[in-house]
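Peer 1: structure of the sequence below:
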Amino acid sequence: MPSTIAAMKACPPRRTDQAAASIQEMAPAAPGPRPMNTPARALAGIAPCPIQAAAAAVPGPATAPPPAPRVSSPVDIAELRRSVGDDLQEVAETIMQIFAEDAPGRMAAIEQAMENGDRRAVRATAHAYRGAAATVRAPKLAHLLGEIETAADEDRLANARELLPSVRAARILDEPVQVDGRLDDPAWARAELATGFLQNEPVRGALPTEEATFKVLYDDDAIYFGVACYEKDPSKTQSSLARRDHITDSDLVSIYIDPYLDRTTGYNFRVNPKGVLVDAYMFNDGDRDQDWDAVWEAETYMDDDGWYTEMRIPFSSIRYRPAESMTWGLQVYRYMHGRGEDTAWVTWDRNAKGFVSRFGQLTGLSGIRPPRQLEIMPYVVSKATDPAALGAAGSPVRLPPLPAPLAWTVEVEIAAGRAATICEALVG
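Peer 2: Next comes the predicted model:
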């Protein structure tokens, strides 16, 4: 069966001047048999080409030759319709699968055209894909592509990039948020819901087996992420307890943020259903520093519909450029170990380069004061007795201190026939 997009290309763009010219050229010709809509075209909701339909509706001149005799169709139309009706679900699923598999490549082509400043390519690609999105009943995507097409028409490519996947964070007002994984605090009800996850692996861009959604909140001190991981079969959710920074053979949620919006650096925060935490610093558009550790928290909760996580990341744990209104890069992953499936909020063509540079956007962060960056390093004071240390009674023996920043003072004091060694570490 031809793909939905290929079928749409059979109908040329709707241009008034071209339509008029085509009608005038076609009018003197004898009207032949009208092309029949194929079952796939009818199921996909694709109407006949308006130019062809208009031309067929225009009568020929009075001197036009009589129409050719009708030839009986070799296809049993009634039987064909019955067979298509029996396989309607399979045909519809095939159309959706073709559309989903084509999505990452189409969006990557639009983004590449934006980066190249090719206004015509942006408009043409967005226009073609918008029609396909409308055909498969994806109104939000169709609206987004329409906005991109309009921005390209008005030569606003810089604004068009901002129309790629984004979610707005909601400020927490008077009600506090209890980080317990249940996502039942009143503030979550006011936050915008982000959806649209697609497979990242194994089939890039395919529809996910199970859905995931998320919301974002913030207050003066921290940013909060609430993620719902739905699962019809709870036995598929796999998890294990482990020490921090070591998640293996487990489902997980992974949050990436790019606070500077430099599309090069960022932070990663992961949690599994057992509440094991992993964090890392991102650089060079995809490299990871696993030794980076931050102060943050996450709790999880499970029920018959899946599992949920609530994260709180203090602004003091990350670095960003303070501004009255901020936009960050954002990516959210959900890995289902039991299904061997990795889904993502933003997906792109497998052959495209980059990672942080491909993130969506987090907007709505405003009125955040720059935090104080404070780190505390503990030190240990110990005391030991060394009978072998001898010296004049009551006379301390002083050893030279080590160079800064770590200075040691060792004092051996002999008193009442005992030797006491006191060591104190001072951190400079």
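
Peer 1: okay, and the beta partners of residue 170?
Peer 2: Applying DSSP bridges to residue 170 gives these bridge partners: residue 217.

Peer 1: tell me the contacts of it?
Peer 2: The neighbours of residue 170, taking CB atoms under 8 Å, 6 or more residues apart in numbering as the test, are 187, 190, 191, 192, 215, 216, 217, 218, 364. Using the backbone N, CA and C atoms, a C-beta is placed for each residue, glycine as well.

Peer 1: let me have the residues you listed in CSV, extended by neighbour count.
Peer 2: Shown next, in CSV, are those (neighbours: other CB atoms under 10 Å):
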residue, neighbour count
187, 21
190, 13
191, 22
192, 14
215, 22
216, 27
217, 22
218, 26
364, 19
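
Peer 1: for the residue lying closest to residue 275 once chain neighbours are set aside, give its distance to residue 221.
Peer 2: The shortest distance from residue 275 to any non-neighbouring residue, by CB to CB, 6 or more residues apart in numbering, is to residue 300 (5.1 Å). Using CB to CB, to the nearest Å, residue 300 is found at 22 Å from residue 221.

Peer 1: could you do residue 133 as well?
Peer 2: Taking CB to CB, one finds residue 133 at 40 Å from residue 221.

Peer 1: more neighbours: which of those two?
Peer 2: residue 133 (22 against 13; other CB atoms under 10 Å).

Peer 1: secondary structure element for that one?
Peer 2: helix 119-135 (DSSP states H and E).

Peer 1: same check on residue 145?
Peer 2: With DSSP H and E as the criterion, the answer for residue 145 is helix 139-153.

Peer 1: pull the contacting residues for residue 261.
Peer 2: Counting by CB under 8 Å, 6+ apart, residue 261 makes contact with 327, 328, 329, 361.

Peer 1: and it, that's in a helix?
Peer 2: No - read with DSSP: H, G, I helix; E, B strand; the rest coil, residue 261 is coil and lies in no helix.

Peer 1: quick one: pLDDT of it?
Peer 2: We have a pLDDT of 92 for residue 261.

Peer 1: ok, residue 422 next?
Peer 2: pLDDT at residue 422 comes out at 37.

Peer 1: do residue 59 as well
Peer 2: 42.

Peer 1: when you give positions from now on, start the count at 459
Peer 2: Sure, I'll start numbering at 459, so the last one becomes residue 517.

Peer 1: residue 645 contacts residue 631, doesn't it?
Peer 2: Yes - using CB atoms under 8 Å, residue 645 is in contact with residue 631, at 7.3 Å.

Peer 1: tell me which element residue 788 falls in.
Peer 2: Element membership of residue 788, judged by DSSP H and E, is strand 783-794.

Peer 1: buried residues in that strand, which are they?
Peer 2: The neighbour-count criterion (16 or more other CB atoms under 10 Å) identifies 784, 785, 786, 787, 788, 789, 790, 791, 792, 793, 794 as the buried residues of strand 783-794.

Peer 1: out of those residues, who's nearest residue 573?
Peer 2: residue 787 (15.3 Å; CB to CB).

Peer 1: give me every residue that touches the closest one.
Peer 2: For residue 787, the contacting residues are 714, 715, 716, 717, 719, 721, 724, 814, 817, 818, 819, 820, by CB under 8 Å, 6+ apart.

Peer 1: brilliant, that's me finished.
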